[in-house]
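[1] Sequence and computational prediction follow.
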Amino acid sequence: MADRPGFFRRLADKATPSREEVLESRWLKPFGTRVRQSDLWRFTRRSVPRGVAAGLFIGIFLMVPGLQIVGAALLCIPLRGNIPVAAAMTFLSNPATTPFFLIAALALGNKLGFHADLSAFNRLYDSGAGASEWTAWLLSDAAPAMVTGLFFIAVACAFVGWGVSIVVWRWWVGAKWRRRVRRDLFRHTH
């Protein structure tokens, strides 16, 4: 029973691409030796929160599927973050959450002084507008509002994710130690 991986480990194994899958990306080939460093793939108390922050930032700010994992992996190099965790965190932005991030980014961008027309966004979204209509809307004042809003949301989510992951890591390590102490006490009393 003690050899069975925990819930979070099983979830991470399912959600994250394998090391080989990430390293096979044509975008990462030029960074091959740097991305292959073993410390970027180890789960440590410092690398996991950094990976969480990198993955959340890139996943929210760079909403281009496929490039998110590559961007998170590249950001992990200077941050010394965990690449598998960063790759998993990019999945926070997905087809179900993307509209909420975009609407929040536009609203925040408008509060910061830009003037994106949210009603036009809703009309385009509801009507299933084509790429040319979306491009025309983005080339208006919407793009600066959205990019600025996404940046601030991504920074905030990365910071919160970093803090939460530190707390969860400490709780997890503490729970492991408490189980070990209980197991040792049980062995010595029986």
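    Looks like it arrived, so ask away.
[2] where along the protein do the helices fall?
    7-15, 19-23, 32-35, 47-61, 67-79, 83-89, 98-111, 118-127, 131-137, 143-189 (DSSP state H).
[3] In CSV: the ones you listed, plus mean neighbour count and distance to Trp41.
    C-beta here means a position set from N, CA and C on the backbone, and glycine is covered the same way. Listed next are the helices of the chain as CSV, based on neighbours: other C-beta atoms under 10 Å; distance: least, C-beta to C-beta, whole Å:
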stretch, mean neighbour count, distance to Trp41
helix 7-15, 11, 12
helix 19-23, 14, 6
helix 32-35, 13, 9
helix 47-61, 27, 9
helix 67-79, 21, 10
helix 83-89, 28, 6
helix 98-111, 17, 28
helix 118-127, 13, 39
helix 131-137, 12, 38
helix 143-189, 14, 17
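[4] As CSV, those helices with mean pLDDT would be great.
    Below are the helices of the chain laid out as CSV (pLDDT from 0 to 100):
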stretch, mean pLDDT
helix 7-15, 66
helix 19-23, 66
helix 32-35, 64
helix 47-61, 95
helix 67-79, 90
helix 83-89, 91
helix 98-111, 90
helix 118-127, 80
helix 131-137, 83
helix 143-189, 90
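[5] list the contacts for the nearest residue to Arg42 once chain neighbours are set aside?
    Spatially, and ignoring its direct neighbours in sequence, Arg42 is nearest to Asn82 (7.0 Å; C-beta to C-beta, 6 or more residues apart in numbering). Residues counted as contacts of Asn82 (C-beta atoms under 8 Å, 6 or more residues apart in numbering) are 40-44, 47-48, 50-51, 76.
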